[in-house]
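Student: what follows is a predicted protein model with its sequence.
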Amino acid sequence: MSHAREHTIQVVAHRGASEDAPEHTLAAYRKAIEDGADALECDVRLTADGHLVCVHDRRVDRTSNGRGAVSALELADLAALDFGSWKHRGSPRHRDEEPDWEHRPEDPAETSVLTLERLLALVADAGRRVELAIETKHPTRWAGQVEERLLLLLKRFGLDAPADPEESQVRVMSFSARSLHRVRTASPTLPTVYLRQFVSPRLRDGKLPAGVRIAGPSIRIVRSHPLCIERLKRAGHQVHVWTVNEPEDVALCVDLGVDAIITNRPRAVLELLGR
Ligand code: G3P
Ligand code: CA
């Protein structure tokens, strides 16, 4: 039975509308908002001089014309790089693919490094409610400081301490239970999402770390262990699935009654959901 009409599944743009525009750029997030995405997903890392920037990989090599670890570079170094051209050329790992980004904006700011502060400002100016799912990327070099900076920045936008977690515009996601624990300790009402790529015995039983209310399983887990999703739901947890790009996976998520679909193709998924 389809659950599509029983509750609205939130559509979350993974790294922005990252199929159409280079991931984690203003261009990708603007497109996601235009496409009607309910929420935006972004990964955050801390630069050497303490700025939170939206970059997925530990290094900038794949998604820019520069080289080096984000944690070893200052914001000014990153600001000098182009985070857009790789998409037009195809990433180094996909050199043989056709260029898939035909409509580059002329303004270099659209494809330069994106700070979390700029993304929060974009969301604040969106003209409608757009939620943010912020992923702390395996904090290592700056462990602890990532969460501290994140909460300070959220506080400046009035988003760090929602009165009702259900109404929060922001949630923090991580594969690191320790990172989520740091966030909850400092800001108990901010919702946290425990991301998992592979199933574990605890997850199979529908259990999450204490205090976490939202599960973030990969679509691979959903396909191979649908019962696990049912148990999580029965235990009262929300389930946010990543990264869901194929129609048959969207249909599976609908049938299982998941709460959010995280996708590189927000427009296509909204259409599949009849929105
Ligand atoms: O939304 C969760 C998902 O983004 C986790 O995987 O590697 O794309 O950050 P990754
Ligand atoms: Ca992510």
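Tutor: The structure has been received and is ready for your questions. Ligands and ions are numbered 1, 2, ... in the order given.
Student: what residues does the stretch 1-150 of the chain put near ligand 1?
Tutor: Within the stretch 1-150 of the chain, the residues that sit near ligand 1 (C-beta under 6 Å from any ligand atom) are 14, 41, 43, 56, 135. Glycine gets a C-beta too; all of them are placed from N, C-alpha and C.
Student: mind putting the residues you listed into CSV with pLDDT, neighbour count and distance to ligand 2?
Tutor: Output for those, formatted as CSV (pLDDT from 0 to 100; neighbours: other C-beta atoms under 10 Å; distance: C-beta to the ion, whole Å):
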residue, pLDDT, neighbour count, distance to ligand 2
His14, 98, 28, 7
Glu41, 98, 30, 6
Asp43, 98, 21, 4
His56, 97, 18, 6
Glu135, 98, 26, 4
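Student: quick one: name the residues of the protein near ligand 2.
Tutor: Counting by C-beta under 5 Å from the ion, the chain comes close to ligand 2 at 43, 135.
Student: can you check my assumption that Gly66 lies in a helix?
Tutor: No. Counting by DSSP: H, G, I helix; E, B strand; the rest coil, Gly66 is not part of a helix but coil.
Student: how many neighbours does the spatially closest residue to Leu116 that is not a sequence neighbour have?
Tutor: Closest residue to Leu116 apart from its sequence neighbours, by C-beta to C-beta, 6 or more residues apart in numbering: Leu52 at 4.1 Å. When counting by other C-beta atoms under 10 Å, one arrives at 25 neighbours for Leu52.
Student: just the residues of the stretch 1-150 of the chain next to ligand 1 now: which is nearest Arg275?
Tutor: Set against Arg275, the nearest of these by C-beta to C-beta is His14 (17.3 Å).
Student: quick one: contacts for that closest one?
Tutor: 41, 242-243, 262-264 (C-beta atoms under 8 Å, 6 or more residues apart in numbering).
Student: now, which of these lie within strands?
Tutor: Those of the contacts of His14 mapping onto strands are 41, 262-263, per DSSP state E.
Student: what's the closest of the residues you listed to His7?
Tutor: Minimum distance to His7 across those is 16.8 Å, recorded for Ile262 (C-beta to C-beta).
Student: in this structure, where is pLDDT below threshold?
Tutor: By pLDDT under 70, the weakly predicted segments of the chain are 1-6, 89-102, 139-142.
Student: mind listing the helices for it?
Tutor: Ranges of helices within the chain are 26-35, 75-79, 85-89, 116-124, 145-156, 177-186, 201-204, 219-224, 226-234, 247-256, 266-272, based on DSSP state H.
Student: quick one, which of the ones you listed is packed in tightest?
Tutor: helix 26-35 (a mean of 23; mean count of other C-beta atoms under 10 Å).
Student: tell me what that helix is packed against?
Tutor: When contacts are defined as 3 or more C-beta pairs under 8 Å, 6 or more residues apart in numbering; DSSP states H and E, helix 26-35 packs onto strand 10-14, strand 39-46, helix 116-124, helix 266-272.
Student: quick check: angle from the third one to helix 26-35?
Tutor: Using axes from the mean of the first three to the mean of the last three C-alpha atoms, to 10 degrees, the direction of helix 116-124 lies 20 degrees away from that of helix 26-35.
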